[in-house]
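1. Coordinates only, no sequence provided:
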Ligand code: B4P
């Protein structure tokens with residue numbers, strides 16, 4: 001599940017995981033849990049997330065591979081990655097990691113939402129959930145980082161014929177129906 005901050009990745013990934021029997025892995029959630037538990041990764045991650053920067057590739061990649069292997073050992077039959085990959089290096093890593101495990105990415109679902117709507121949603125979440133990276137200054141930086149560093153990942157999966165754009169504006173159910181239509185068709 002791919003898109004800018006606030007596009008609904010977490011929201012939609014949870015729904016798709018539940019309906020398709022997939023394991024949902026959100027790198028943002030794992031990092032927030034590490035911060036709460038004050039693990040070495042959490043202490044490191046907080047310095048980046050508080051500024052709206054990305055956590056270094058090697059740390060997130062290691063964390064993701066550990067999570068995937070743990071779930072495979074528990075019998076997982078498929079995954080939905082939410083918030084990963086966020087850089088071209090992470091995309092290359094993910095492809096290689098899946099290949100080594102006899103699988104591959106099937107869809108890059110891109111949630112398309114305009115800038116003003118993103119800022120509106122994230123400011124609202126900042127008010128209701130009190131996430132420390134949902135303040136106006138940090139949101140604007142996250143959106144900048146997304147444009148510069150994360151957007152090129154689209155080209156990577158377009159070349160592989162795996163890019164599926166979805167209009168991410170509408171109710172949560174409407175967006176979910178658009179995603180389900182893509183999964184049903186292919
Ligand atoms: P994430 O946890 O992935 O944060 P996010 O992009 O803001 O979340 P998301 O996009 O899932 O939120 P959603 O739209 O569902 O990452 C946080 C930070 O962790 C990053 O900034 C980075 O520092 C670090 N990080 C994570 N992954 C990393 C990686 N791979 N590499 C390096 N660093 C990494 O929800 C937004 C709000 O919109 C919610 O309040 C929701 O209720 C609402 N909403 C959703 N759908 C809606 C709809 N259709 N209409 C109206 N509101 C909607």
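-> Thanks, I have it. Values in this document were obtained by computation on a predicted structure and should not be read as measured data. Numbers count the residues shown, from 1 in each chain.
2. Next, the buried residues of the strand or helix carrying residue 155.
-> Taking DSSP states H and E as the criterion, the element that holds residue 155 is helix 153-159. Residues of helix 153-159 classed as buried: 153, 156-157 (neighbour count, 16 or more other Cβ atoms under 10 Å). C-beta coordinates here come from the backbone N, C-alpha and C atoms, glycine included.
3. Could you dump those into TSV and include pLDDT and distance to the ligand?
-> Converted to TSV, the buried residues of helix 153-159 look like this (pLDDT from 0 to 100; distance: Cβ to the nearest ligand atom, whole Å):
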residue	pLDDT	distance to the ligand
153	98	10
156	98	14
157	98	15
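4. Up against the ligand, what does this protein have?
-> 5-11, 26-28, 31, 48-49, 52, 54-55, 60, 83-84, 86, 90, 121, 125, 133, 142, 170-172, 175 (Cβ under 6 Å from any ligand atom).
5. okay, now residue 31: neighbour count?
-> Using other Cβ atoms under 10 Å, residue 31 has 22 other residues around it.
6. Is it part of a helix or strand, or is it coil?
-> On the three-state scheme (DSSP: H, G, I helix; E, B strand; the rest coil), residue 31 is labelled helix.
7. for the closest residue to the ligand within the chain, what are its contacts?
-> Residue of the chain nearest the ligand, by Cβ to the nearest ligand atom: residue 28 (1.9 Å). Counting by Cβ atoms under 8 Å, 6 or more residues apart in numbering, residue 28 touches 10, 82-83.
8. and if you look at residue 20?
-> Residue 20 is in contact with 78, 80, 183, counting by Cβ under 8 Å, 6+ apart.
9. Kindly recompute the last result at 6 Å.
-> Residue 20 sits next to no residue when contact means Cβ atoms under 6 Å, 6 or more residues apart in numbering.
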